[in-house]
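**Student:** task: produce atomic coordinates for the following.
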Amino acid sequence: MNQADYKWLHENIQLLGNVKCSREQLQRLYDIYNYVSNQNIPISSCGRCVANVKKRLLAEYERIQGIS
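**Tutor:** This is a model prediction of the structure:
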C-alpha cells in the first residue's frame, strides 16, 4: 500500500465499518484493494463483496499499524 492510500484510509477509517459509502469512496476502496491484492476486480454493489473488500483492507491497515 502506498503512502497516499494509507493516509486516505487513515482519514476515512470509518468507511471500513458497516457504513454506506458514496460511489467515489467505494471506487477508492476498490482501487486500493486491487493494488494491495494485485487483482483487478470491478466495483460491485453486492453487500458481501463490499464487506470482503473492507475486511481485507482493514486487515492490511492493521498489519501496517502493527495492531494485529
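**Student:** run a quick neighbour tally on residue 59.
**Tutor:** Neighbour count of residue 59, defined by other Cβ atoms under 10 Å: 14. Bear in mind the C-beta positions are built from the backbone N, C-alpha and C, glycine included.
**Student:** ditto for residue 41
**Tutor:** By other Cβ under 10 Å, the residues close to residue 41 number 12.
**Student:** quick one: the nearest residue to it once chain neighbours are set aside and residue 17, what's the gap?
**Tutor:** Once flanking residues are discounted, residue 41 sits nearest to residue 34: 6.4 Å by Cβ to Cβ, 6 or more residues apart in numbering. Going from residue 34 to residue 17 by Cβ to Cβ, to the nearest Å gives 21 Å.
**Student:** tell me the SS of residue 10?
**Tutor:** What DSSP: H, G, I helix; E, B strand; the rest coil gives for residue 10 is helix.
**Student:** now it: how far from residue 38?
**Tutor:** 22 Å.
**Student:** what do you get for residue 26?
**Tutor:** Residue 26 is 20 Å from residue 38, by Cβ to Cβ.
**Student:** compare those two (neighbour count), which wins?
**Tutor:** Between residue 26 and residue 38, counting by other Cβ under 10 Å, residue 26 is the more crowded of the two (18 against 6).
**Student:** buried set for the lengthiest helix in the chain?
**Tutor:** Identified as the longest helix of the chain according to DSSP state H is helix 47-65. Judged by neighbour count (16 or more other Cβ atoms under 10 Å), helix 47-65 contains these buried residues: 50, 53-54, 56-58, 60-61.
**Student:** any chance of those residues in JSON lines, plus distance to residue 22 and pLDDT?
**Tutor:** Listed next are the buried residues of helix 47-65 as JSON lines, based on distance: Cβ to Cβ, whole Å; pLDDT from 0 to 100:
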{"residue": "50", "distance to residue 22": "13", "pLDDT": "95"}
{"residue": "53", "distance to residue 22": "15", "pLDDT": "96"}
{"residue": "54", "distance to residue 22": "14", "pLDDT": "96"}
{"residue": "56", "distance to residue 22": "20", "pLDDT": "95"}
{"residue": "57", "distance to residue 22": "16", "pLDDT": "96"}
{"residue": "58", "distance to residue 22": "19", "pLDDT": "95"}
{"residue": "60", "distance to residue 22": "22", "pLDDT": "93"}
{"residue": "61", "distance to residue 22": "20", "pLDDT": "93"}
